[in-house]
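>>> Any chance you can model this:
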Amino acid sequence: MRQEKDEQHPAQFLRKLNRTAGLFINAAEVSILVFCMTALGLLLMTNVFARTFFQSIYFAEEVSKFLVMLTTFTGVSYGVRKARHIRMGAFLDAMPVKMEKVFIIIISLVSAVVMAIMAYYSYLYLINAMNMGHKTPALRMPSWTFYVIIPIGFGLAAVQYIRTILKNLIEKDAWQSPDQQSEYEDEVIGGAPL
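Here you go, the predicted model:
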């Protein structure tokens with residue numbers, strides 16, 4: 001009885017840690033994505049109105065570029081967490097659960113390593129951009145401020161893949177991501193499954 005309790009304690013701790021990390025990252029990602037899409041929509045509509053009746057907003061292109069980059073690299077992590085990345089679903093669904101879990105763990109490990117490498121090299125690129133001291137043409141901001149999100153986005157994607165590995169090691173069923181259990185999803189068009 002005591003041995004079962006000791007074995008479940010680390011698993012419970014990992015579940016709680018994984019859940020807490022997921023809630024924190026989810027709140028940050030969703031907030032950033034909602035803000036960026038809202039700000040981008042408002043900025044572009046305002047710029048169209050201003051260009052039609054007055055004069056174009058001089059900084060609209062730079063701010064739009066920044067918002068698109070922020071959305072893209074935050075979306076990388078969000079896509080991994082929701083299992084909306086490219087995956088071999090039909091291939092994995094045909095496997096027994098244990099083999100599927102092994103493949104998901106291997107794929108997630110390789111993907112986490114690739115994302116970590118990309119985060120490292122984008123960090124080096126960021127440092128290089130900081131050392132160059134270039135400024136944006138319209139706002140005269142340091143151009144490296146646009147690149148800060150790149151290593152963060154890749155790093156968060158690596159964290160999501162590590163969370164996927166943990167979820168598959170802890171749970172009985174196979175999980176495509178920390179939030180998405182491995183199961184066939186019927187496509188629905190107009191309320192009717194295909």
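>>> Only C-alpha atoms from now on, for both contacts and neighbour counts.
Will do.
>>> Could you report the separation of the most centrally placed residue in the chain from Q160?
The chain has S77 as the residue nearest its centroid, 0.8 Å off, counting by CA atoms, centre = their mean. According to CA to CA, to the nearest Å, S77 stands 7 Å off from Q160.
>>> likewise F91?
22 Å.
>>> the more surrounded of those two?
Under the criterion of other CA atoms under 10 Å, the comparison of F91 against Q160 puts Q160 first, with 30 against 9.
>>> Would you check that that one makes contact with Q180?
No. Contact criterion CA atoms under 8 Å: Q160 and Q180 do not qualify, at 11.7 Å.
>>> Give me the common contacts of the two.
Both Q160 and Q180 are in contact with R81, where contact means CA atoms under 8 Å, 6 or more residues apart in numbering.
>>> What average pLDDT does the lengthiest helix in the chain get?
Counting by DSSP state H, the longest helix found in the chain is helix 2-53. The pLDDT scores in helix 2-53 average 78.
>>> again with stretch 97-108
For stretch 97-108, the mean per-residue pLDDT is 85.
>>> Any idea how far it is from the middle of the chain?
How far stretch 97-108 lies from its chain's middle: 20 Å, per CA atoms, centre = their mean, to the nearest Å.
>>> For burial, what's the neighbour tally of M130?
Neighbour tally, M130, other CA under 10 Å: 16.
>>> Cross-check the contact I'm expecting between it and W144.
Yes. In this structure, M130 is within contact of W144 by CA under 8 Å, at 5.6 Å.
>>> quick one on the thing from earlier: and the longest helix of the chain, what does it pack onto?
The contact analysis (3 or more CA pairs under 8 Å, 6 or more residues apart in numbering; DSSP states H and E) places helix 2-53 against helix 60-81, helix 149-170.
>>> what distance separates the last one from the centre of its chain?
For helix 149-170, the separation from the chain centroid amounts to 8 Å (computed by CA atoms, centre = their mean).
>>> who touches it?
Helix 149-170 is contacted by residues 11, 14-15, 18, 69-70, 73-78, 80-81, 101, 104-105, 108-109, 111-116, 118-123, 174-178 when judged by CA under 8 Å, 6+ apart.
>>> Quick one: work out the angle between that helix and helix 2-53.
Helix 149-170 runs at 150 degrees relative to helix 2-53, counting by axes from the mean of the first three to the mean of the last three CA atoms, to 10 degrees.
>>> can you tell me the average pLDDT over helix 149-170?
Averaged over helix 149-170, pLDDT sits at 89.
>>> now swap in the first one and tell me
When pLDDT is averaged along helix 60-81, the result is 85.
>>> Next, the buried residues of it.
Buried residues in helix 60-81, counted by 16 or more other CA atoms under 10 Å: 60, 62-64, 66-81.
>>> list the helices and strands that helix packs on?
helix 2-53, helix 149-170.
>>> Go through those and name the closest to L139.
Nearest to L139, of all those, is helix 2-53, at 15.1 Å by CA to CA.
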